[in-house]
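Enquirer: below: sequence and its predicted model.
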Amino acid sequence: MIELKQVYVNRGGETILSAISCRIGEGEKVVFRGTSGSGKSTLLKTLIGGQKISSGQMLFQGQPVEKKNIFSVRNSMSYIGQEPILGAETVREALLLPFSFKAHRHAKPSEEQIFLQLEKMHLRRDIIERKSAEISGGEKQRIAIARALLLRKRVFIADEITSALDPESKEAVMQCLFKPAHTVISVSHDPDWIARCSRILTIENGQLKESSAHGND
C-alpha cells in the first residue's frame with residue numbers, strides 16, 4: 001500500500017531522515033519507536049505529504065506520490081497528532097469542520113452517527129455543545145480521533161495519541177482504530193499500543209535500524 005524507497009529529508013542543512021526504505025501493506029498495524037528527535041514525527045509527516053522529500057521516492061498503491069496526486073493521497077488518510085487542534089469554537093463545529101470542505105462534503109455524518117462515534121470514545125452526547133477551549137486534553141484527543149473515524153478513511157497516521165488517555169479511554173480508542181480493514185501507522189511509546197501492532201520499526205538518528213514482528217522485539 002505505502003512504500004518508501006531510499007527517502008532522505010533535509011531541513012536547515014541537517015539530515016533528518018536518511019535512506020529510509022520500508023513497505024507497509026494494507027491492513028497492517030505498524031509502530032515506529034525511537035528516542036526524542038530521532039525523526040519519528042518527521043517520518044509520519046512525510047507519509048501524509050506534510051514534509052517534502054529531499055531525495056528518494058514514496059509510492060501509494062503502487063503509484064509514485066507526486067505533486068499532481070498528493071492531494072488525493074492525503075485524502076486517503078487521516079492524521080491524528082499528539083496535541084490536536086480542533087479548529088472551531090464548539091465541539092460540534094470541530095467535528096463537522098472537515099465536512100465543510102468540498103472533498104468531504106458528500107460524507108457529512110448525521111447527528112446520530114456523530115453521537116454513536118462519541119459514545120464509542122466514551123464521551124457524553126452533550127459534549128458537542130461545549131466550547132473547545134473548555135474541554136480537557138484527554139477529551140480533546142478523543143474528539144480528534146472521533147472526527148478522524150467519522151471521515152471513514154482506511155489509513156490512519158497516529159502520533160502518540162494515547163499519551164493523554166486513561167486506561168479505559170485508551171482501550172476504547174484502540175478497539176475503534178485496530179480494525180482488520182484499517183491500516184494504522186503510528187509513533188508510540190505506550191506498551192499497550194505497541195502490543196496491538198503487528199510490526200515494530202525502530203528509528204535511530206534518522207535511520208531505520210530494525211524491523212520486527214510483534215513478539216520478537
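Expert: Okay, I see it.

Enquirer: okay, and the helix or strand of this structure with the least pLDDT?
Expert: Across the helices and strands of the chain, the lowest-confidence element by mean pLDDT, DSSP states H and E is strand 207-213, at a mean of 80.

Enquirer: helices or strands up against that one?
Expert: Secondary-structure packing of strand 207-213 (3 or more CB pairs under 8 Å, 6 or more residues apart in numbering; DSSP states H and E): strand 14-24, strand 199-204. The C-beta positions use only the backbone N, C-alpha and C, and glycine is treated the same way.

Enquirer: among the ones you listed, which is nearest I157?
Expert: Checking the helices and strands packed on strand 207-213 against I157 by CB to CB gives strand 14-24 as the closest, at 10.6 Å.

Enquirer: contacting residues around the closest one?
Expert: Contact partners of strand 14-24, identified using CB atoms under 8 Å, 6 or more residues apart in numbering, comprise 1-10, 30, 39, 42-43, 46, 56, 183, 185, 201, 205-208, 211.

Enquirer: show me those residues that map onto strands.
Expert: If you go by DSSP state E, these have 2-10, 30, 56, 183, 185, 201, 207-208, 211 in strands.

Enquirer: which residue is nearest the centroid of the protein?
Expert: Nearest residue to the geometric centre of the chain (CA atoms, centre = their mean): I157, 2.0 Å.
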